[in-house]
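Chemist: coords please:
(one chain, ligands or ions: 1)
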Amino acid sequence: VVGVHRPTQLVIDRQALRENIHAAVSRLADGCALFMVVKANGYGHGAVQVAQAAKDAGATGFCVAILDEALELRAAGFNEPILVLGVSDPADAPLMATQRISATVAAQDWLVEANEYLTLAHAAQPLRVHLGLDTGMGRIGFKTPAALQSAVAYLNDNDTLDFEGIFTHFSTADSADDRYFKQQVTTWKTLTGALDQLPRYVHVSNSATSLWHAECNANMVRFGVAGYGLNPSGTAVKLPYTLHPAMSLTSELVHVKKVAAGESVGYGATYTASQAEWVGTVPIGYADGYERRLQGFHVLVDGQPCEIIGRVCMDQLMVRLPAEYQRGTQVTLVGRDGDETISLQDVADYCGTIHYEIACGFTSRLPRCYRH
Ligand SMILES: Cc1ncc(COP(=O)(O)O)c(CNc2conc2O)c1O
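Modeler: Okay, the predicted model is just below:
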């Protein structure tokens, strides 16, 4: 990667992305589309590169969180449908219409305000609208048949608006306990059952739903975390087919020294060697998204787990080495080295969070290097 002057990098395996997405596409019923969810810079993997890999593997559209992420894809030359999953600014309705970016709508007053902007702008294209239904996620969306019917009537009465899709989002699809999931499905059926006809895109599935409740898929799935090779449930529910994690994180030792018993390492001198030992310094820290909470976790050097000793600094961290190693020796922070592997799940477990947050948390200071 041009301009990389530090050995620390996120390595993204595009072949893994393509395999994960193609596996999902091949399992979808005829007529069901896969839109790759590339929000948050492709869950940290690089939105543009992920979008291309997903398109190569059969994705026919994309989902993002905010309008800026959709504009990034258009600027990169993607002409496929793009749905913004969050609530956008009604004042941006003309821009979205012109750019053929689909807007999520969660309330009728948003439609009325957007329509004012569209009418004033004499937008050449109607704004594509997906109505979001809140069936239990408790985030955004219509909750009653009456409100939904009213919004649909408003859509049908205004040619500045194109009723392109209707969707909901499940909050427990990744749980082995499906009681709440079933309640949401019932609510979904009640709400959509109140409409005479449904729009082109009808979608309810995130990765977990498409993996464990595929019968719910309708005609489009919003495929995210599994496309990156990660189990939506973490380790709670077994995958129906193998996924290939696409993200690795590697670096090199930039300094190696022998410390004597009694010598301290890191801010706050929180670590003191109890015996003479070899210590390596790795150029990565919390400003890269490698969190301070990872003190005491481990990295891999020469296929061996090496404990992170002392506090993680902003840009560097120190590890105990099993022996003397040369400057430049590879360090694996996420990925496989010999017989050992550190997964994003392992990092997330140690931090008391989920792998989504770890992957999204790697900052822009880490170059993304693409393989295959
Ligand atoms: C509306 C919506 N659809 C689909 C997805 C894709 O889910 P998946 O990556 O599990 O397949 C998300 C992810 N949203 C989030 C994932 O983590 N926090 C979120 O808000 C979402 O918010």
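Chemist: low pLDDT regions in this structure?
Modeler: The chain contains residues with pLDDT under 70 at 1-3.
Chemist: Alongside the ligand, which residues does it contribute?
Modeler: Neighbours of the ligand within the chain, by CB under 6 Å from any ligand atom: 37, 85, 169, 206-208, 222-225, 232, 356. Heads up, the C-betas are built off the backbone N, CA and C, glycines and all.
Chemist: check contacts around the residue of the chain found nearest the ligand.
Modeler: Closest contact between the chain and the ligand, by CB to the nearest ligand atom, is at G224 (2.3 Å). Each residue near G224 by CB atoms under 8 Å, 6 or more residues apart in numbering is listed here: 36-37, 39, 43, 63, 206-207.
Chemist: Sort out for me which of the residues you listed are in strands.
Modeler: Taking DSSP state E as the definition of strands, these contribute 36-37, 63.
Chemist: L111 falls within a helix, correct?
Modeler: Yes. Assessed by DSSP: H, G, I helix; E, B strand; the rest coil, L111 belongs to a helix.
Chemist: my guess is it contacts D162, does it?
Modeler: No. L111 lies out of contact with D162 (CB atoms under 8 Å); the separation is 11.8 Å.
Chemist: Mind listing the shared neighbours of these two?
Modeler: Common neighbours of L111 and D162, using CB under 8 Å, 6+ apart, are 129, 155.
Chemist: where does H22 land in three-state SS?
Modeler: Taking three-state DSSP, the label given to H22 is helix.
Chemist: so it touches G58, yeah?
Modeler: Yes. Here H22 reaches G58: they are 5.8 Å apart, a contact under CB under 8 Å.
Chemist: As a check, name the ranges of all strands in the stretch 101-250 of the chain.
Modeler: 101-105, 127-133, 161-168, 201-205, 220-223, 247-252 (DSSP state E, counting those that start in this stretch).
Chemist: Using TSV, lay out these together with mean neighbour count.
Modeler: As requested, the strands of the stretch 101-250 of the chain are arranged in TSV below (neighbours: other CB atoms under 10 Å):
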stretch	mean neighbour count
strand 101-105	25
strand 127-133	25
strand 161-168	23
strand 201-205	23
strand 220-223	26
strand 247-252	22
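Chemist: closest to G285 out of those?
Modeler: Taking CB to CB, strand 247-252 is the member of the strands of the stretch 101-250 of the chain nearest to G285, at 10.7 Å.
Chemist: And the closest one, what does it pack against?
Modeler: Counting by 3 or more CB pairs under 8 Å, 6 or more residues apart in numbering; DSSP states H and E, the packing neighbours recorded for strand 247-252 are strand 9-13, strand 330-337.
Chemist: Okay, now the sheet partners of it, with direction.
Modeler: If you go by DSSP bridges, strand 247-252 pairs up with strand 9-13 (antiparallel), strand 330-337 (antiparallel).
Chemist: mind giving me TSV with the ones you listed and columns for mean neighbour count?
Modeler: Listed next are the strands paired with strand 247-252 as TSV, based on neighbours: other CB under 10 Å:
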stretch	mean neighbour count
strand 9-13	20
strand 330-337	20
